[in-house]
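Next input, structure requested:
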Amino acid sequence: MTVQPARSCHFPFSDPVQEIPTEIALLIHGKVLGGNYHANAAVSLSLSSGLHRIRTPSSSILGSTPAGSPIASTRALPPPNDSLEEGERIDAFWAALILNSYWIAIQESHMFLDLQHIGVDTPWPMDVIEYQLQLLPRVSSGTIRNFLESMSIEGFSTVALHAKAAVLLEQATVIGASIPDTTLGAENMVQSDTFKRLDTLIDVFKSHFPLLEGMNVGSSEAETLLVVRMMTHAATIKLHLSLSDKGNEHSRQKVLVSAQSIAVLTHNSIPTSVLKTDPIIGVSGLSPNP
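Residues are numbered from 1 along each chain as shown. Okay, here's the model as predicted:
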């Protein structure tokens with residue numbers, strides 16, 4: 001994932017929109033312990049600056065962080081100078097969320113905050129031209145919640161698809177890791193609305209892959225879309241692997257198909273640089289031989 005440097009937003013002390021890419025770069029190139037620190041820092045900067053509440057309805061806190069919360073905005077940014085600057089803030093937030101989801105997938109737990117439950121109102125990221133054309137919604141609320149509950153149709157830029165795949169991987173990791181060891185407990189989990197809804201959502205997201213193949217994009221975006229597909233297959237593996245290990249044949253087949261799909265994508269991507277540059281590739285390939 002490439003994080004573009006932000007323009008100056010004229011923040012009087014330090015600009016979190018500039019600090020977040022720095023923390024992300026240190027996270028990507030650091031070790032596990034240091035990665036935790038820098039991921040925490042990127043998320044903390046995003047939340048304390050209110051980047052998760054861009055375009056939130058002023059008359060409602062539905063899906064937003066309550067004002068009295070310990071993670072409520074403490075260093076609110078001034079209004080953006082233009083739509084491009086606002087777009088940079090949106091992109092910075094989602095970049096932090098994507099990396100946060102990466103580390104949740106690695107550690108199989110919420111290492112800092114569950115961004116879904118604190119409330120994310122910031123709209124999905126757009127392409128630069130869409131920011132220039134001022135196509136952002138007038139208000140935005142419950143972005144992640146709406147995606148997980150109703151497969152909302154908003155957000156089809158390459159970065160938005162990347163963010164959605166990251167959310168799916170995060171949710172699959174956490175739910176998969178919470179499956180009880182007992183056979184009865186595991187079966188109850190499989191029948192739960194939470195499990196079935198996420199499993200269906202991942203499959204629906206995969207059904208859009210043929211459309212991704214037809215997108216006319218540059219090499220960098222093509223690499224990101226490849227990662228999106230790998231992450232989504234990895235989400236299926238994370239969600240079903242524990243059940244597969246317990247002898248659930250349906251889950252075993254889903255894990256096998258997803259692992260094979262990742263292997264095919266990996267083989268077909270060579271010699272692209274994506275396998276060397278995106279840190280999620282290691283996570284996506286954790287289960288090549290289920």
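
pLDDT weak spots in the stretch 1-150 of the chain?
Counting by pLDDT under 70, the ranges of the stretch 1-150 of the chain that qualify are 1-36, 38, 58-75, 109-117.

Walking through it, point out its helices one by one.
16-29, 32-48, 83-107, 115-118, 128-132, 143-150 (DSSP state H, counting those that start in this stretch).

Measure how the longest one sits relative to helix 143-150, angle-wise.
In this case it means helix 83-107. With axes from the mean of the first three to the mean of the last three C-alpha atoms, to 10 degrees defining the directions, helix 83-107 sits at 60 degrees from helix 143-150.

helices or strands up against helix 83-107?
Packing partners of helix 83-107 (3 or more C-beta pairs under 8 Å, 6 or more residues apart in numbering; DSSP states H and E): helix 16-29, helix 32-48, helix 128-132, helix 158-177, helix 280-284. C-beta here means a position set from N, CA and C on the backbone, and glycine is covered the same way.

So for residue 108, what's the nearest residue that isn't a sequence neighbour?
Take residue 108 and drop its neighbours on the chain: the residue closest to it by C-beta to C-beta, 6 or more residues apart in numbering is residue 177, 4.4 Å away.

That neighbour: neighbour count?
For residue 177, the count of nearby residues is 15 (other C-beta atoms under 10 Å).

shouldn't residue 224 be in contact with residue 157?
No. At 10.1 Å, residue 224 does not count as touching residue 157 under the criterion of C-beta atoms under 8 Å.

which ones are touching the residue nearest to the spatial centre of the chain?
Residue closest to the mean C-alpha point of the chain, counted by C-alpha atoms, centre = their mean, is residue 166 at 2.8 Å. By C-beta atoms under 8 Å, 6 or more residues apart in numbering, the contact list for residue 166 reads 97-98, 101-102, 231.
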